[in-house]
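Enquirer: give the three-dimensional model of this entry:
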Amino acid sequence: MSDTLVIIPTYNEKENIESIIRATFNQEKAFHVLIVDDNSPDGTADIVRKLQEEFSDALYLEVRKEKNGLGTAYIHGFKWALAKNYEYIIEMDADFSHNPNDLVRLYNACVEGADVSVGSRYSVGVNVVNWPMSRVLLSYFASKYVRFITGIPIHDTTAGFVCWSRKVLETIKLDKIRFVGYAFQIEMKFKAWKHKFKISEVSVIFTDRTKGESKMSGGIVYEALFGVVKMKLKGLPK
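Expert: Sure thing, here's the model as predicted:
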């Protein structure tokens, strides 16, 4: 039994899903993996089911009825993890933009004292590969903007490669999370900080996907940029 669950949300990730699962299981620490699939029409869930025959005690699958946002997929996974008594829960993308080799570093940061460890692209310079400069600048200055507006002392506020200790997810009221896109990542970190949990940044290199299609949209960016203003002005219930 592993003490750590890696949650990977998917929608049409048949090109990446087997490789990312095998890479996760190939780490020096034993992780369990939960795939939260939004009923991908490309057969992503079928590939996972086949792999469950090989990794029967460590690979789990939850299929939702429809595509309903990254944030809700993670909340589904968080609740599942808490019910199964995992001590640490890690968010990771399926497309290798987050390197599975960094999983142990995020885990160790929490074991060594952090309540939340963030795989950060911007804590030490700018560590992004294969993005056009326009997108790098948008992401970098968006994080600077969020830090300025909210006061949260994190360089990479929109990062989606995060290890949460169980007590943080038990404290945050997951049913009251308002945002579903990149602003979801901001809101979760903001609430953890407001509860005075210790947040550590672990420098990682973010590499843009080489297979499959990006899920980035204008609406997601809008939510992240303008949602934080509402979040700051209205305040968020703990």
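
Enquirer: check which helix or strand A45 maps to.
Expert: helix 44-52 (DSSP states H and E).

Enquirer: go on, I90?
Expert: Using DSSP H and E, I90 maps to strand 88-91.

Enquirer: do the same with S117
Expert: Counting by DSSP H and E, S117 is found in strand 116-120.

Enquirer: kindly report the same for V33.
Expert: Residue-wise, V33 maps onto strand 32-37 under DSSP H and E.

Enquirer: on that earlier part again, direction included, what does the strand holding I90 pair against?
Expert: strand 4-10 (parallel), strand 162-165 (antiparallel) (DSSP bridges).

Enquirer: list the helices and strands the next helix or strand after the first one packs on?
Expert: Right, the one you point to is strand 4-10. Next helix or strand after strand 4-10 toward the C-terminus (DSSP H and E): helix 17-25. Secondary-structure packing of helix 17-25 (3 or more Cβ pairs under 8 Å, 6 or more residues apart in numbering; DSSP states H and E): strand 4-10, strand 32-37, helix 44-52. The way it works is simple: take the backbone N, C-alpha and C, and place the C-beta from them, glycine included.

Enquirer: go through those and name the closest to F184.
Expert: F184 lies closest to strand 4-10 among the helices and strands packed on helix 17-25, at 11.0 Å (Cβ to Cβ).

Enquirer: what mean pLDDT does that closest one get?
Expert: Across strand 4-10, pLDDT averages out at 98.

Enquirer: CA atoms only: put stretch 115-133 into PDB for me.
Expert: Taking Å, rounded to 0.1, in the frame of the first residue of the first chain, the C-alpha atoms of stretch 115-133 are listed here in PDB:
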ATOM      1  CA  ASP A 115       2.200  21.000   3.800                       C
ATOM      2  CA  VAL A 116       2.000  21.800   0.100                       C
ATOM      3  CA  SER A 117       4.800  21.500  -2.500                       C
ATOM      4  CA  VAL A 118       4.500  23.200  -5.800                       C
ATOM      5  CA  GLY A 119       6.400  22.100  -9.000                       C
ATOM      6  CA  SER A 120       7.400  25.600  -9.900                       C
ATOM      7  CA  ARG A 121       8.400  26.900 -13.400                       C
ATOM      8  CA  TYR A 122       9.400  30.300 -12.100                       C
ATOM      9  CA  SER A 123      11.000  30.000  -8.600                       C
ATOM     10  CA  VAL A 124      14.400  29.900 -10.200                       C
ATOM     11  CA  GLY A 125      14.400  31.700 -13.500                       C
ATOM     12  CA  VAL A 126      12.000  30.700 -16.200                       C
ATOM     13  CA  ASN A 127      12.000  26.900 -16.800                       C
ATOM     14  CA  VAL A 128       9.600  26.300 -19.800                       C
ATOM     15  CA  VAL A 129      10.500  24.300 -22.900                       C
ATOM     16  CA  ASN A 130       8.700  24.400 -26.300                       C
ATOM     17  CA  TRP A 131       6.300  27.200 -25.600                       C
ATOM     18  CA  PRO A 132       6.200  30.200 -27.900                       C
ATOM     19  CA  MET A 133       7.500  33.400 -26.200                       C
END
